[in-house]
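K.L.:
Generate a structure from the sequence data that follows.
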Amino acid sequence: MFTQVGFGVDQHGNDGSSGSGGGATKAAVRAVRNAIEFNSIPGIAESVPGGRSEMLISVKLGVPFKRENSSEPMEVNLNEVAKVFPYGRLMPINVVIGGLTFNTGRIVRELGDIDDIAVCVAACVSIGYDSGKRGSDETHTIHDTKDGV
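P.N.:
This next block holds a predicted model:
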């Protein structure tokens, strides 16, 4: 029904190697907020059978590598990301390699900086509902705009 993208940055991030999720968590929360914050869809409660409680929320996060030579994304505290959504049924959050890190040129120890690395996370948030009409292996329906749908 609805898909939006957003991005979030933590300029005082870290690589999450401490286990806290650090900057990647803060950037991910900001990314999903950015994706949904300027959207008001007052009719969605009436459009989704069962209302807001049956609304399905799908989130995909593009998160940078833990380190340069790593093949894993930085750690993200998905419980913190889930708190952004006040209603609906959140599907499992999909974390993939993406986003970016960059040097800011500043270390601000008072803000907890351990280096000058900033973290940027990209987010895709999709809203829909289960109509019960899909096949068991079908994940979504693609509509071609040339069909007028």
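K.L.:
okay, CA-based contacts and neighbour counts for the rest of this
P.N.:
Will do.
K.L.:
And the strands in the protein?
P.N.:
If you assign secondary structure with DSSP state E, the strands in the chain sit at 2-10, 56-63, 89-90, 94-97, 100-103, 117-128.
K.L.:
count of neighbours near Glu80?
P.N.:
Per other Cα atoms under 10 Å, the neighbour tally for Glu80 reads 12.
K.L.:
Enumerate every residue touching it.
P.N.:
Taking Cα atoms under 8 Å, 6 or more residues apart in numbering, we find Glu80 in contact with 25, 29.
K.L.:
Return the distance of it relative to Leu111.
P.N.:
In this view, Glu80 and Leu111 are 20 Å apart by Cα to Cα, to the nearest Å.
K.L.:
What's opposite the most centrally placed residue in the chain in the beta bridge?
P.N.:
Centroid-nearest residue in the chain, with Cα atoms, centre = their mean: Ala123, separated by 3.7 Å. As for beta bridges, Ala123 partners with Gly6, Leu61 under DSSP bridges.
K.L.:
what's around Leu78, how many residues?
P.N.:
Leu78 is surrounded by 16 other residues when neighbours are defined as other Cα under 10 Å.
K.L.:
Wait, it touches Ile93, no?
P.N.:
Yes: contact status for Leu78 versus Ile93: in contact at 7.3 Å, counting by Cα atoms under 8 Å.
K.L.:
Quick check on Asp130: phi, psi?
P.N.:
Per-residue torsions, Asp130: phi -90, psi 110 (degrees, to the nearest 10).
K.L.:
neighbours around it, how many?
P.N.:
The criterion is other Cα under 10 Å. On that basis, Asp130 has 12 neighbouring residues.
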